[in-house]
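Student: return atomic coordinates for the entry below.
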Amino acid sequence: MKKVDYKQEFKLLYRPSAQRVEVVEVPSMNFLMINGEGDPNTSSSFQDAIEVLFSLSYALKFMVKKGEDGIDYGVLPLEGLWWSEDMSSFSVENKGGWKWTLMIMQPDLVTGEMIQESMEKVRLGKNPVALPLLRFAPFEEGKVAQILHIGPFSEEGPTVQKVHSFITEGGSTRRGKHHEIYLSDIRRAATEKWKTIIRQPMS
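Tutor: Numbering: from 1, shown residues only. A predicted model of the protein is given here:
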């Protein structure tokens, strides 16, 4: 059986430096996505979205593994796009007005037909409440600045500002949505060791 490490294949995207901001070009990739809004610390819809995204992603992983090519791969990390109606006032400290898209990247091996089959299996099983909100779509960010933040989410502020300052001081401008990629299993890892990629599209 062939094993594929997509985080290694896309290491420029999923293994950034924690010391310096880096500029990378993010290609179009396919994602399972769910939209929502509100403080992720208190919103039940946020946890519902996480549940269905991982349920589908693992169902797809095992479907590919049992397929003709027998390819095994690790499920990709949870990612989040964050924004507010007025991005000039967007702050990591004020989460009440946040809107978000939670998503998990799917390898090219995964097809729309497989998505539908997996959704039916999940529906017949746990039938999570967020399942009808799920969509499968390409997403392309293009040029971004990113850095690895190590520590709790509550201490991301200076790291986010470092990325923003890098962009403006280099003569570029921010565009799009604040993007985070969660590399750690926060149920098991110590808070001070949580690893989160902070990413900001730029032009």
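Student: every contact and neighbour count from this point should use C-alpha atoms.
Tutor: OK.
Student: give me the below-cutoff pLDDT ranges for this protein.
Tutor: 86-96 (pLDDT under 70).
Student: what about Leu148, how many neighbours?
Tutor: Here the neighbour count serves as a burial measure; for Leu148 (other C-alpha atoms under 10 Å) it reads 24.
Student: quickly list what it is bridged to.
Tutor: The residues paired with Leu148 through beta bridges, assigned by DSSP bridges, are Ile197.
Student: going along the chain, name the helices of this structure.
Tutor: 6-9, 11-14, 44-65, 112-124, 157-169 (DSSP state H).
Student: of all those helices, which lies closest to Trp98?
Tutor: With distances scored as C-alpha to C-alpha, the stretch of these nearest to Trp98 is helix 44-65 (11.5 Å).
Student: thinking again about what came up before, out of the helices of the chain, which gets nearest to Trp83?
Tutor: Ranked by C-alpha to C-alpha, the member of these that lies closest to Trp83 is helix 157-169, at 13.5 Å.
Student: list the helices and strands that closest one packs on?
Tutor: Applying 3 or more C-alpha pairs under 8 Å, 6 or more residues apart in numbering; DSSP states H and E, we find helix 157-169 packed against strand 142-150, strand 195-201.
Student: to Val160, which of the ones you listed lies closest?
Tutor: Across the helices and strands packed on helix 157-169, the minimum distance to Val160, taken as C-alpha to C-alpha, is reached by strand 195-201, at 6.7 Å.
Student: may I have that closest one exported as PDB, CA atoms only?
Tutor: Listed next in PDB are the C-alpha coordinates belonging to strand 195-201 (Å, rounded to 0.1, in the frame of the first residue of the first chain):
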ATOM      1  CA  LYS A 195       0.900  25.200  16.500                       C
ATOM      2  CA  THR A 196      -1.200  27.500  14.300                       C
ATOM      3  CA  ILE A 197      -0.300  28.900  10.800                       C
ATOM      4  CA  ILE A 198      -1.300  32.500  10.500                       C
ATOM      5  CA  ARG A 199      -1.800  33.400   6.900                       C
ATOM      6  CA  GLN A 200      -2.900  36.600   5.200                       C
ATOM      7  CA  PRO A 201      -3.500  37.100   1.400                       C
END
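Student: between helix 157-169 and it, find me the angle.
Tutor: Between strand 195-201 and helix 157-169, the angle formed by their directions is 30 degrees, by axes from the mean of the first three to the mean of the last three C-alpha atoms, to 10 degrees.
Student: from the contact counts, what lies against strand 195-201?
Tutor: Taking 3+ C-alpha pairs under 8 Å, 6+ apart as contact, the helices and strands that strand 195-201 lies on are strand 142-150, helix 157-169, strand 178-182.
Student: wait, which of those is closest to Val129?
Tutor: Val129 sits nearest to strand 178-182 of all the helices and strands packed on strand 195-201, at 22.9 Å, using C-alpha to C-alpha.
Student: and the helices of the chain, which is most packed in?
Tutor: Taking mean count of other C-alpha atoms under 10 Å as the contact definition, the stretch among the helices of the chain with the greatest mean neighbour count is helix 44-65, which reaches a mean of 19.
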